[in-house]
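Trainee: Here is a sequence with its predicted model. Questions after.
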4 protein chains.
Amino acid sequence: MVIEMDKAALTAFLARDFAEVAEDFAITRVDMDVLEVRLNVAARHLRPGGTVSGPSMFALADVAMYLAILARLGPVALAVTTNCSIDFMRKPEAGRALIAQARVLKLGRVLAVGDVIIRSDGVEAPVARAGLTYSIPPAGR
Amino acid sequence: MVIEMDKAALTAFLARDFAEVAEDFAITRVDMDVLEVRLNVAARHLRPGGTVSGPSMFALADVAMYLAILARLGPVALAVTTNCSIDFMRKPEAGRALIAQARVLKLGRVLAVGDVIIRSDGVEAPVARAGLTYSIPPAGR
Amino acid sequence: MVIEMDKAALTAFLARDFAEVAEDFAITRVDMDVLEVRLNVAARHLRPGGTVSGPSMFALADVAMYLAILARLGPVALAVTTNCSIDFMRKPEAGRALIAQARVLKLGRVLAVGDVIIRSDGVEAPVARAGLTYSIPPAGR
Amino acid sequence: MVIEMDKAALTAFLARDFAEVAEDFAITRVDMDVLEVRLNVAARHLRPGGTVSGPSMFALADVAMYLAILARLGPVALAVTTNCSIDFMRKPEAGRALIAQARVLKLGRVLAVGDVIIRSDGVEAPVARAGLTYSIPPAGR
């Protein structure tokens, strides 16, 4: 297995097919070990109190794993999230971007499975972790 | 255990403390069996293709369970989501609201646990299901 | 969709194909709403302190959902568990059987999804809940 | 935070407090990065076909994370599993031990969270992964 789509190709894909959210995310690393995405935190991602909302963290984990699968399958893929189990462990640090690191643990014929760790930029202790499963339609195999 | 906050009280709470998302949601039923929330689907909730996005469904499940806990604990509560495991089972029907039904399965001293079923309005087959856990801080007990 | 295997057929299947665990379980209800399995608690299911162990509850949830899928697909099925998210909410009552109620929420071409509630026999407050996903191999469709 | 109980102390704890399952498991590594446990596969762990059963893998993940928490909290701890979300990704290799590697991601006042990867001994591709949450009773803090 190799990387079919690199950082530039994935960024272009995101801008074209997910235009409405593309500016939220920056893809900062793509290799066989990890795909890294940064959430550029804006007011619309925040809950009262100034911390990033749960749905925004869910969206970050989901996009990171989606892109990690796409990086391996190429642009024909249309993987669909079937399960996400996410643990929220600490409050994100106010005023910092969130960084998600996704790794693919299985890329099967019909299912892909991986996990994601989310951290506040520059902070070691993780904010959240998630395990995600995607269904890969026949056209994407 | 009784209902400490009814539909009107929860709706007022949502409008005051979650002003930025309050208009997305309508609380349509509050009793000991179930708390029901409707997502008024708007363009910002959609993915390419016109179906409601995963993060929007996560947000709906999260708000429904949060309100179901609040209904029992009263307005002092500040429950924090610690885990959500969500299964996406079918595409939502285009052009229909989503309805979440939350039930509280445990309301303990430090943890509350429940589950949520999400359906397209008027369709029996569920779109998604989630199990959620919340941590209840000392002030909320 | 109909019930392809009833209580007698599922019990015979369990005795033949899962002989080593069949005596742990009794199938007590099979219909389109719910499949109910009883765990006949024995010493080997207990943790120190006399409560049923987590792995024994996991096994009960898994067998209940497996049988609920089999009831609909018939004996050709060889569904494989791909995900289980289980919440342990209360200690089981000592000296009581555990009752699992499984419902199938989706039975698709490649994935089946459902959830399970486990209670101590005769006690309303649930001990555990689980959401489970199974992969259905081509031969089982 | 430091390691309060090393490999020898944890092994003695397991033999004394979990005598009925202690012989199934061997603790092979204990440090701040990872706690590693080996499941010595025996007939009672197998499903028809000779692969390790789901409940046996659940038990392995649970014991590995429990010991990883205990290693940090010391022997007073009585952590209780509150959630486990486990993905079964590949069949274990027949005739090989299973190795679980647990890492603690959060050790809070009331909750501990971590994840576990399970592999067949000597095989890189993981068999299963799990995220687990434990409740830590006041006595254990």
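Mentor: Yes, it's here.

Trainee: can you tell me which residues contact A:A102?
Mentor: Going by CB atoms under 8 Å, 6 or more residues apart in numbering or on different chains, A:A102 touches A:V34, A:L35, A:E36, A:V37, A:A61, A:A64, A:M65, A:L67, A:A68, A:G114, A:D115, A:V116. (Glycine included, C-beta is placed from N, CA and C.)

Trainee: In helices only, show me the residues you listed.
Mentor: Among the contacts of A:A102, the members found in helices (DSSP state H) are A:A61, A:A64, A:M65, A:L67, A:A68.

Trainee: doesn't A:A15 make contact with A:F25?
Mentor: No. With contact defined as CB atoms under 8 Å, A:F25 does not count as touching A:A15 (10.0 Å).

Trainee: which one of those two has more residues nearby?
Mentor: With neighbours defined as other CB atoms under 10 Å in any protein chain shown, A:F25 and A:A15 compare such that A:F25 has more, 20 against 11.

Trainee: Let me see the contact set for the more buried one.
Mentor: A:L14, A:V37, A:R38, A:L39, A:N40, A:L60, A:V63.

Trainee: Make a markdown table from those and add neighbour count to it.
Mentor: Output for these, formatted as a markdown table (neighbours: other CB atoms under 10 Å in any protein chain shown):
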| residue | neighbour count |
| --- | --- |
| A:L14 | 22 |
| A:V37 | 28 |
| A:R38 | 18 |
| A:L39 | 24 |
| A:N40 | 11 |
| A:L60 | 28 |
| A:V63 | 25 |
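
Trainee: give me the subset of these touching chain C.
Mentor: Applying CB under 8 Å from any CB of the partner chain, the subset of the contacts of A:F25 adjacent to chain C is empty.

Trainee: Mind checking which of the residues you listed are in strands?
Mentor: Cross-referencing the contacts of A:F25 against strands under DSSP state E gives A:V37, A:R38, A:L39.

Trainee: is the helix or strand hosting A:N83 up against chain C anywhere?
Mentor: Here A:N83 is covered by strand A:80-88, with elements defined by DSSP states H and E. Yes. Strand A:80-88 reaches chain C (CB under 8 Å from any CB) through A:T82, A:N83, A:S85.

Trainee: What is the burial count for the second one?
Mentor: Around A:N83 sit 25 other residues, with neighbours defined as other CB under 10 Å.

Trainee: Tell me who's in contact with it.
Mentor: A:G131, A:L132, A:T133, B:S85, B:I86, B:D87, B:F88, C:N83, C:S85, C:T133.

Trainee: Could you dump those residues into JSON lines with pLDDT added?
Mentor: Shown next, in JSON lines, are the contacts of A:N83 (pLDDT from 0 to 100):
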{"residue": "A:G131", "pLDDT": "98"}
{"residue": "A:L132", "pLDDT": "98"}
{"residue": "A:T133", "pLDDT": "98"}
{"residue": "B:S85", "pLDDT": "98"}
{"residue": "B:I86", "pLDDT": "98"}
{"residue": "B:D87", "pLDDT": "98"}
{"residue": "B:F88", "pLDDT": "98"}
{"residue": "C:N83", "pLDDT": "98"}
{"residue": "C:S85", "pLDDT": "98"}
{"residue": "C:T133", "pLDDT": "98"}
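
Trainee: List just the nearest of those to chain D.
Mentor: Nearest to chain D among these, counting by CB to the nearest CB, is C:S85 at 3.9 Å.

Trainee: The closest one contacts D:F58, correct?
Mentor: No. Counting by CB under 8 Å, C:S85 sits too far from D:F58 to count as a contact (11.6 Å).

Trainee: what pairs with the helix or strand encompassing A:I99, and is each one parallel or antiparallel?
Mentor: Secondary structure from DSSP H and E places A:I99 in strand A:98-107. Its sheet considered, strand A:98-107 pairs with strand A:35-39 (antiparallel), strand A:111-120 (antiparallel) by DSSP bridges.
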